[in-house]
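Novice: fold the stuff below for me.
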Amino acid sequence: MQTAIDKIRELRALHDDGLLSRQEFELRKNAILDASYQPGERPADPDALYDAAAPAVRPGTEIGLMTGQEIGPQNRRYRLERLIAHGGMGQVWQATDLATHAELGHSAQVALKILPAHATSAASHAKLLIQEATRARRLAHEHIVRVYEWAQDPATSSFFLIMEYLEGEDLDAVLAREGRLPLARVLALLDPVAAALDYAWDRHHLVHRDIKPGNVFVTTKGDVKLLDFGIAARARASGPASKLDAPATSGTAGYRAPEAVIEGRTPEPTLDVYAVSVMIHQLLTGVLPGEPGGTVPETLGARQWEVLRGGFGRDPAARPASVHALLAAIRAAAGPSAVEQAAQDARERVEQERVARELAARRAIEAEAAAVIKAQQDEQRRVQLREQQRRERLEAEQARLARKESLRQQLLARRDEEVAKTQAAKEEAARKAAQLKAAAAYLAQQKKAREDAAAGAVGEPVSQERAPDAVAAVALADVPTAAAPVADTGILRDAFIDGSGSGPAMVLIQTGRFQMGSPEHERRIAMAAGSQKNWIARETPQHWVGIERPFAMGRYPVTVGEWRAFAQASSWQPAGEVDWAAPGFPQTDDHPVVGVTWFDALQYVAWLSAATGKRYRLPSEAEWEYACRAGTKTAFNTGDTIATTQANFDGTFTYNGGPRGEFRHGTTKVDTFAPNAWGLHDMHGNVWEWVQDVVHENYDGAPDDGSAWETGGDQVRRILRGGSWLYNPRYLRSALRNGFSAVLSNDIVGLRVVRELM
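Specialist: Got it, this is the predicted structure:
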């Protein structure tokens, strides 16, 4: 075991290597010394640091943690703000996320669960932590605390989990403050727990194995969250005897079912039913079943007690099949308890006596009341007649005004229709004239291309030397209507010079002018959906941008197959954190590639340009938004809302009244969804797409000619557009701008390319 001197030497080595600032070194050194000696007992002799009989240290990691320290790898740092809890399985801190990874959506405030060194000292233990963190990251449910990632602090070698930060208290604290809880409240608190456990079993075949009041959290908003799926067990049917992923000793004594200690037993939801039944008894009585002072809960009827006692019985087969079934059975068996029955009988006797007295009094006044009632009825009929006459006069006047307004609106609409028809006729005539002129130039160019091919020249779909009018003609011919996708004949694809293949399918985009950014009403809706103010500010001010040159844009994001051709033909070596060939979910050659950095994307377009002899590059941010909108002015090119039948995103969330959909847990093929009006697929969702521009906090000073904005701003980060499969729909809006470090990769980030025409 390391001594305090050894730990301080390691800290000094990290400081010398530039991994710790001087201030951070001093803070951690003092924490080590404080952990080694109680106040007032620090010896003058340094050799005393090796004394095995030194007083017990304060709670903390082996080299000490304190408020204000930063932990984590160099590109993913977290500042510790407040110690929330600590125990045998480590410490839980509130922390501020300082890494650029925070730009991909989760809050800057997170919870860090820092495991003690002994829990991950062996390689097998560390591997188990990584597997558990990966498993927990897939649990996307509103009543399960979200786990974002795991990391290791190079200064302490401590592993930790990055989780959703919650404000509130667990049921242990509620029970300590309020004492016994009423049955109705207990069942209401456990309904979300049942829903979370059903989701974990149905979707992932997971059993929690450590249900207890300390792992059920009630937020300040009243939401219920299930914590600590870290020891959750998965049923693995790899042979006749299925077994658990988690050790038999997992769980907490008193809440652990008897069969949980049997090695090799298949995990079933009845393990969690046992723990929840014990917890219900504790919440109703204040003690666990069988403890001194434990009794039948007074708030339970006889049949309800039989259901609850069966829930924590020793025979798993006799328990309800799930926690949801347990709660339903308790409700179905509702009936008064003995105390409640006695009180109810007393109330009924009092009520009978009261009814008898009232009946006698009522008979005495019925005769007198009859005359009064008749007089009131006569007066009421007269009032009703006058009110009916008044309503009829008012309705007649309203009908007259409505007819007058309808006539006025018809006249205005007829006038606007005539103006629109005249304008449309002028625009159609001008468009046809431009098409005829450009088509003639295009036919002449095609004839020349065929003559060159006959003479031995290499042909290509679109020449770099084509006249601007010819390029515009092709662009106009290839733009689809909003009601139909682009046919393959309108797609440009450059052949490789060596004849080994061809580049990505490209769609020709004509010049035009559009308003870049979001209008005020769209920003209000996005804020209501949960967007942060600093994200919304990036979309302002809304401004006009002119796309001065036509260009071709990739019909799809770059696919796995296209990236594999590049990787095999070039000297490219991956340097990111995600393996593009195995990102953690299934992919084919027709899925979009992920796990590429911005610098990887630059290498790809450089290789593609050399392979085809054409000029390929990343799109500018203005070109991307222009192509994504495809002439629309709404939040998405599908309208002011979007569904998972139109794009790949986390459908457990909705936007602006849209429908709830599915969460696919990975990418989809690039041709899964219909294209936008200009023939481009996956402009919303599936993967974030790199563009050329540097990150700026708003559009003040941005170019208005469609070119990339590469001066000023945050030079270490580049813009991402489009949203991804992991994100909720508010991140898919056409105007939304994200930023990410140019040297990092992620399993939700890909790219789309542009080919210059002039």
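Novice: skip the chain neighbours and tell me the closest residue to residue 686.
Specialist: Of all residues not flanking residue 686 in the chain, residue 648 sits nearest, at 4.5 Å (C-beta to C-beta, 6 or more residues apart in numbering). Yep, even glycine has a C-beta here, placed from its N, CA and C like the rest.
Novice: what is the burial count for that neighbour?
Specialist: 27 (other C-beta atoms under 10 Å).
Novice: quick one: contacts for it?
Specialist: 664, 667, 668, 672, 673, 682, 685, 686, 725 (C-beta atoms under 8 Å, 6 or more residues apart in numbering).
Novice: in three-state terms, label residue 110 for me.
Specialist: strand (DSSP: H, G, I helix; E, B strand; the rest coil).
Novice: before we move on, what about residue 282?
Specialist: Residue 282 ends up helix, using three-state DSSP.
Novice: touching, it and residue 211? I think so.
Specialist: No: if you go by C-beta atoms under 8 Å, residue 282 and residue 211 don't touch, sitting 11.4 Å apart.
Novice: okay, these two: which has more neighbours?
Specialist: The neighbour count for residue 282 versus residue 211, taken as other C-beta under 10 Å, is higher for residue 211 (28 against 25).
Novice: so that one sits against residue 276, correct?
Specialist: Yes: using C-beta under 8 Å, residue 211 is in contact with residue 276, at 5.4 Å.
Novice: now the common contact residues for those two.
Specialist: Common neighbours of residue 211 and residue 276 (C-beta under 8 Å, 6+ apart) are residue 193.
Novice: would you agree residue 693 falls within a strand?
Specialist: Yes: according to three-state DSSP, residue 693 belongs to a strand.
Novice: okay, domains of this protein per the record?
Specialist: Using automatic domain parsing, the domain parsing of the chain gives 4-164, 169-332, 371-459, 471-756.
Novice: what is the mean pLDDT for the third one?
Specialist: What it means is domain 371-459. Averaging pLDDT along domain 371-459 gives 75.
Novice: the longest one too?
Specialist: Mean pLDDT, computed over domain 471-756, is 92.
Novice: can you start the count at 821 instead of 1 from here on
Specialist: Yep, numbering from 821; the last one is domain 1291-1576 now.
Novice: what about the longest helix in the protein?
Specialist: helix 1158-1274 (DSSP state H).
Novice: against which helices or strands is that helix packed?
Specialist: helix 1288-1298 (3 or more C-beta pairs under 8 Å, 6 or more residues apart in numbering; DSSP states H and E).
Novice: how far is whichever helix or strand comes after the helix it packs on from where the chain is centred?
Specialist: Next helix or strand after helix 1288-1298 toward the C-terminus (DSSP states H and E): strand 1311-1312. Its chain's average C-alpha position is 35 Å from that of strand 1311-1312, according to C-alpha atoms, centre = their mean, to the nearest Å.
Novice: in stretch 900-909, which residues are buried?
Specialist: Using 16 or more other C-beta atoms under 10 Å as the test for burial, stretch 900-909 gives 900, 901, 903, 906.
Novice: for the contacts of residue 1468, give me JSON lines that also has distance to residue 1203.
Specialist: Below are the contacts of residue 1468 laid out as JSON lines (distance: C-beta to C-beta, whole Å):
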{"residue": "1484", "distance to residue 1203": "64"}
{"residue": "1487", "distance to residue 1203": "70"}
{"residue": "1488", "distance to residue 1203": "67"}
{"residue": "1492", "distance to residue 1203": "66"}
{"residue": "1493", "distance to residue 1203": "63"}
{"residue": "1502", "distance to residue 1203": "67"}
{"residue": "1505", "distance to residue 1203": "62"}
{"residue": "1506", "distance to residue 1203": "67"}
{"residue": "1545", "distance to residue 1203": "65"}
